[in-house]
Every structure is written in C-alpha cells, then in structure tokens.
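Novice: Would you be able to build a 3D model of this:
(one chain, ligands or ions: 1)
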Amino acid sequence: MDVKEAVKQRRAYRSFEPVRITKELIYDLAECAQLTASCFNNQPWQYIFVYEKEMLEKMHSVLSSGNEWAQKASLVIAVLGKKEDDCIILDRIYYSFDIGMATSAMILRLTELGLVAHPIAGYSPKKTREILGIPDNIDVIALVIVGKKSEKINPNLSDKQIEAEKNRPERKKIIDFVFYNKYK
Ligand SMILES: Cc1cc2nc3c(=O)[nH]c(=O)nc-3n(C[C@H](O)[C@H](O)[C@H](O)COP(=O)(O)O)c2cc1C
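Specialist: Numbers count the residues shown, from 1 in each chain. Here you go, the predicted structure:
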C-alpha cells in the first residue's frame, strides 16, 4: 500500500494524448467510490462516465474559456449529487464532502494507473445537464477530465498553464494551515 506515492504523483496536467477507456476501468473507479466513507453510509454520489467519441465532442461546448485543453480528454467524469441524499445537521451540509472524498479516491486510483485526472469547476452546469440528460434537482458538482499525459505541451495553454505543466503550483506552508492541539 503506497497511498502517499499516489498523493505525490497526482497532478492537474493539461496536455493529453488519447488513451483507450474500458468498461473494466470504469467499474474499477466505481468500486473506489463505492467503498468510500459517507455520513450515515448515505453514499450520495452519482457519476456519468462520458467516453464515446460523439458524446465527448458534444461536451466541448460546456467548457469555460481557458479550459479548451480539456477537449483532448479520453474520459470526462461528471460528478453529481444532491444535498437531500446526505446528512444535513443544522447548518452542516455533508454531500459535497462525501462526494469529494469518493471522487478523490477515483482520482488517486487513476493516478496509480498512470493516468491524469484533473477536476474542473470551469464548465456550464446548464449545458452539461442538457447534453447528459441530468434532471434539474441534481447538482453537477464538478467534471473530472481524464487522459494520458502527453510529453508534448498542449499549444492552447496560457503561460501560467505551461508553467504548471512543468512545476507544481506553489502551496501554502504547512504552518499556515495546521494547528497543534488548539486553533492558533
Ligand atoms: C474543484 C476544482 C476546480 C478546478 N477547476 C479548474 C478549472 O476549471 N480549470 C483548470 O485548468 N484547473 C482547475 N482545477 C485544477 C487546479 O487549478 C489545480 O489542482 C491546482 O492549480 C493545483 O495544481 P496540482 O493539482 O497540479 O497540484 C481545479 C481543481 C479543483 C479541485
């Protein structure tokens, strides 16, 4: 078991080459979500795995400006859920937390398998709903863009995005977000 290695290897790369997506891979990823912890074991997550060429092409129109790189995806995972499907304890709403944990398990598994899994918020939920037939009462929480990393940098990237292909974007210092025993 080497989870730390997958955590270290995971990167939100934006330069892709095509990779074949199989039903076995999708089942493997689904199992990662299935086994994730959730409040009261509510399992609020739902996923659409988009991998057919025609559907992937339709999904180009949902991408926000700056996310054109995602047109090279071999698989787009639509991350779905609704707050009523999970614990709501006074003002604490747990569905995004649980769905985030399940999606993170998938992302780490994809990393372990040598693929890139890049979550994005830059898309139109409305257009995604229309294309994928998602009912209005279900939130489109994120899309995960999956592909095989290309050594050739995608020519559509901005300078900042090119820099991020080469070096991991800077992180806060641990001392700025970790407290020992007491807040500050
Ligand atoms: C919820 C979420 C939304 C994101 N949205 C976008 C996006 O719309 N476009 C994009 O290029 N990257 C997006 N990212 C990727 C982040 O920019 C990236 O994870 C961050 O810069 C750190 O880089 P690293 O993941 O390679 O360490 C998103 C990441 C998360 C978790």
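
Novice: Can you list the neighbours in contact with stretch 30-48?
Specialist: 29, 77-82, 85-87, 94-95, 97-99, 101-103, 105-106, 108-109, 132, 134, 138 (Cβ atoms under 8 Å, 6 or more residues apart in numbering). (C-beta placed from N, C-alpha, C; glycine too.)

Novice: I would like a ChimeraX command selecting only the buried ones among the residues you listed, please.
Specialist: Buried members of these, defined by 16 or more other Cβ atoms under 10 Å, are picked up in ChimeraX with:
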select :29,77,78,79,80,81,85,86,87,94,95,98,99,102,103,105,106,108,109,132,134
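
Novice: Take the contacts of stretch 30-48 and keep only those in helices.
Specialist: 29, 95, 97-99, 101-103, 105-106, 108-109, 132 (DSSP state H).

Novice: Same list (the residues you listed) but as a markdown table, adding pLDDT and distance to the ligand.
Specialist: Formatted as a markdown table, these follow (pLDDT from 0 to 100; distance: Cβ to the nearest ligand atom, whole Å):
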| residue | pLDDT | distance to the ligand |
| --- | --- | --- |
| Leu29 | 98 | 17 |
| Tyr95 | 98 | 15 |
| Phe97 | 98 | 13 |
| Asp98 | 98 | 15 |
| Ile99 | 99 | 11 |
| Met101 | 98 | 13 |
| Ala102 | 99 | 14 |
| Thr103 | 99 | 9 |
| Ala105 | 98 | 14 |
| Met106 | 98 | 13 |
| Leu108 | 98 | 12 |
| Arg109 | 98 | 16 |
| Leu132 | 98 | 18 |
